[in-house]
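Chemist: have a look at this prediction, sequence included:
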Amino acid sequence: MAAGWSALATRTAIEAVSIAASGRTRSRQRRMLLGKPLIVEADEATWRTLAVFCAYRVVLSVLLGLAFIFLNELFQLGRLAPKAIVPAITAYIFASFLLMVPARFREPNLTVQVTTGVLIDIAAIVLLMYASGGVKSGLGVMLLVSLAAAGLITRGRLVYFHAAMAAAAVLLEQMFQIWHNDAGMQELVQAGITSMALFATAASASALASYARTSEQIAEERKVDLANLSQINELVIRDMQDGLLVVDAQGRIRQSNPRAVQLLGALPPAPRWPNLADYSAELAKLLAEWRKGSDATYMQLRGGRVTGELQVHFVPIGTGDPAPTVVFIEDVGRVRQQAQHMKLVALGRLTASIAHEIRNPLSSIGHAADLLDEDSGKREGERRLLEIIRNNVLRLDRIVQEILYLNRRDRASPEAIEPGPYLNNFANEFYLTDKVPNGVLDIEVRTSRPFLFDRQHLDQVLWNLVRNAWRHSQKQPGSVRIVVWPAAAPGRIVIDVHDDGPGVEPKNQAHLFEPLFTTAAQGTGLGLYIARELCEGNAARIEYVENPRGGQFRITVKGA
C-alpha cells in the first residue's frame, strides 16, 4: 500500500509540475526567461533589500521560537515529532543571526548569500512542516515570503531555481508523510497546489521587481532630462534679450531674469516676493488693464529708470481668475537700433559705391578751379566764385573720405599700442596738420600698459574727437586734455578726451552718435558715427560722459 501511495504521489507531483509548465503562456514566459540574466548586478538598493530580508528572517525565527514556547497550544508545533522542533527552531535562529554578518560586509557575492538564505529557509520550514503534520500545518505559506523576497533581490532566473528547490522539498516532505504517517490524498493535492503557488510567487516577484527596476531607471532618466531641461530653460531665460517677470494672481513677482532688472531697476530686497505695484506702478497699471480685458496685445511703457522706450507683452499661464502672468519686457530702442544698423549697413555699401564714382568728377572740378585761379586777369567776383567752388570741393572730398571709412571697421588689425609714445606722436602731427598752437593738448598717461587697437582706426577716432574738442574749447593752452588710465574692469584701459568748452546740451546727447546729426554749419554728421563704428570693430566702446567743466568723451579699450 505504501508503494501504491508513493507511485500515486509521484504521479500527482508530475501532473502538478506539468500543469504549471503547460500552455502557450508558459512557453512565452520560458522564452522571456531565457532572455533574462541569472541575477542582476548588485547595487546599493539590492544590498539594502538583502539586509532587510535577513532582518525579516531573524524576526521570523524568533517569533517561531516564542510561538512554540508561549502559544504552542494554538499553533501545535512539533505535534508529530516533538524532539525535532527545538533543534530546528534553535538552528534556524542561530543561522538567521549568522546570515546578517555577510550581508553587512557584502561578502561573498549576492548569488551565494541569497541562495544560502533561501536554502536555510527551505530546510528550516520544511523540517517544521514535517514535525508539525505536513502541508496541512500551514507553515508552507512562509516559503512564499522567502521566494518573493528572493525574487525582489535577484530579479533574474535564479529565483526559479529557488522555487524548484522549495517545491521539490514540499513534495518530498508530503510523500514522506504519506509513506510514513499514512497521510491523505487530499494533502498531496494541497502540496501540489502549494508548489504551483511557489512558482507563481517567484515569477510574480521577479516580474514585479524587474518592472519596478525599469520604472526606477526610467524615472531616473526622466529626472536627469528634467534637470537638464530646467537648466537649459534657466540659461535661456537668463541670457534672453527681453526682460521677463512672472507675476502671480496676487500681483507678486515670483521670478525675474537679469535683463528685467537692467530695464526696470533692481528688485526690492524684501519681502521674498515683492509686489509689482511697489516695483513698477506703471507696469502694474498696464497689467491690471490687460486683465480687465484690454484688446491691446503689446503696450508701451516708459519708466523713469530707463532712457529708452519699453514695450510689454502679457501671457497668461495656468488657470485662475486672474491667472498667473508672464510679462515680457522688450527694449524698443534696441530693436530700432538694430533695424537702423541693418539699414545703415546697406546704405553704407551703396554710398561707398557712389563715393567712388563721385571722386573722379570732383577731382576734375577742383583741378579746373585751380586752372581758372591761375588766370591773372580775373575780376573780384570771379575770385569769390572760385573760392566757393574750392571750399565746396574740399567739403565734398571730406564727406567722401568719411563715407569710405565706414567700410573699414570690419578690416581692423589690432596691435599693441603703448599710450605714451603714441599720444606724443599724435600731438605733434595734430599741431602740424591742423595749424594748432603747441601746448593746447595736455596729455596725461597714468598707465604704461599697452592696449589693442588698429593704429589707423585710432588715428581717425582721436583726430575726430580732438578736432571737435579744439573747435568747442576756449583755445587756451591745456584746453584739450587726453587722459589714459586703467579702468575698474579688469583688462580694460580708458582714454578720456576733455575740453573746457560749454559741453553738449542734454537734448543733443542722445543723438551724438547718430549718422548725419550735426550742430556745426559745415559739419557732415558722420564723424562721431564713424568713430563709434571703428571702436566697435576694435572691441572698444565710445561714449559721452557728462562733465560740468566741459565736454568729455571716453573710449574704453582692451588691454594688451
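Modeler: Thanks, I have the structure now.
Chemist: quick one: what helix or strand has the residue nearest the centre of the chain in it?
Modeler: What sits nearest the mean C-alpha location of the chain, by C-alpha atoms, centre = their mean, is Gln231, with 2.4 Å. According to DSSP states H and E, Gln231 maps onto helix 185-239.
Chemist: do Ile69 as well
Modeler: helix 44-70.
Chemist: and that helix, how far out from the chain's middle?
Modeler: In terms of C-alpha atoms, centre = their mean, to the nearest Å, the centre of helix 44-70 is found 47 Å from the chain centre.
Chemist: what helices or strands is that helix leaning on?
Modeler: helix 72-75, helix 82-105, helix 110-132, helix 141-154 (3 or more C-beta pairs under 8 Å, 6 or more residues apart in numbering; DSSP states H and E). All C-beta atoms are positioned from the backbone trio N, CA, C, and that covers glycine.
Chemist: show me which positions of it end up buried.
Modeler: Of all the residues in helix 44-70, those buried under the rule 16 or more other C-beta atoms under 10 Å are 46-47, 49-50, 53-54, 57-58, 60-61, 64-65, 68.
Chemist: now for those: which two are most distant?
Modeler: Largest separation among these by C-beta to C-beta: Thr46 and Phe68, giving 33.3 Å.
Chemist: pLDDT weak spots in the stretch 401-550 of the chain?
Modeler: Within the stretch 401-550 of the chain, the segments meeting pLDDT under 70 span 401-411, 516-525.
Chemist: could you pull up phi and psi at Asn486?
Modeler: For residue 486 the amino acid is Pro, not Asn. phi -70, psi 130 (degrees, to the nearest 10).
Chemist: just the one 3 residues further on next, same as before
Modeler: When quoted as degrees, to the nearest 10, the phi and psi of Ala489 stand at phi -70, psi 140.
Chemist: for it, what are its contacts?
Modeler: By C-beta atoms under 8 Å, 6 or more residues apart in numbering, the contact list for Ala489 reads Thr556.
Chemist: mind redoing it with 7 Å?
Modeler: If you count contacts by C-beta atoms under 7 Å, 6 or more residues apart in numbering, Ala489 has none.
Chemist: state the distance from it to Gly366.
Modeler: For Ala489, the distance to Gly366 equals 47 Å [C-beta to C-beta, to the nearest Å].
Chemist: count of neighbours near Tyr92?
Modeler: 24 (other C-beta atoms under 10 Å).
Chemist: how about it, nearest residue that isn't a chain neighbour?
Modeler: In space, Tyr92 comes closest to Ala124 once its chain neighbours are excluded; the distance is 4.0 Å by C-beta to C-beta, 6 or more residues apart in numbering.
Chemist: give me the number of residues near the one you found?
Modeler: Neighbour tally, Ala124, other C-beta under 10 Å: 24.
Chemist: that one contacts Ala88, doesn't it?
Modeler: Yes - counting by C-beta atoms under 7 Å, Ala124 touches Ala88, with 6.1 Å between them.
Chemist: dump the residue contacts of the closest residue to Arg549 other than its chain neighbours.
Modeler: Spatially, and ignoring its direct neighbours in sequence, Arg549 is nearest to Asp500 (6.7 Å; C-beta to C-beta, 6+ apart). Asp500 makes contact with 473-474, 479, 549-550, according to C-beta under 7 Å, 6+ apart.
Chemist: next one: phi and psi at Asp500?
Modeler: phi -100, psi 30.
Chemist: show me where this protein has its strands.
Modeler: Using DSSP state E, the strands of the chain run over 243-247, 253-256, 298-301, 310-316, 325-331, 415-417, 441-445, 451-453, 480-486, 492-499, 541-544, 552-559.
Chemist: ranking those by burial, who's on top?
Modeler: By mean neighbour count, with neighbours taken as mean count of other C-beta atoms under 10 Å, strand 451-453 ranks first of the strands of the chain at a mean of 25.
Chemist: picking that back up, any figure for the gap between the residue nearest to the centre of the chain and Ile218?
Modeler: 20 Å.
Chemist: re the thing from before, right, so of the strands of the chain, which gets closest to Phe430?
Modeler: Closest among those, using C-beta to C-beta: strand 441-445, at 6.8 Å.
Chemist: can you name every helix or strand that the closest one contacts?
Modeler: helix 419-433, strand 480-486 (3 or more C-beta pairs under 7 Å, 6 or more residues apart in numbering; DSSP states H and E).
Chemist: and that strand, how far out from the chain's middle?
Modeler: With C-alpha atoms, centre = their mean, you get 49 Å for strand 441-445.
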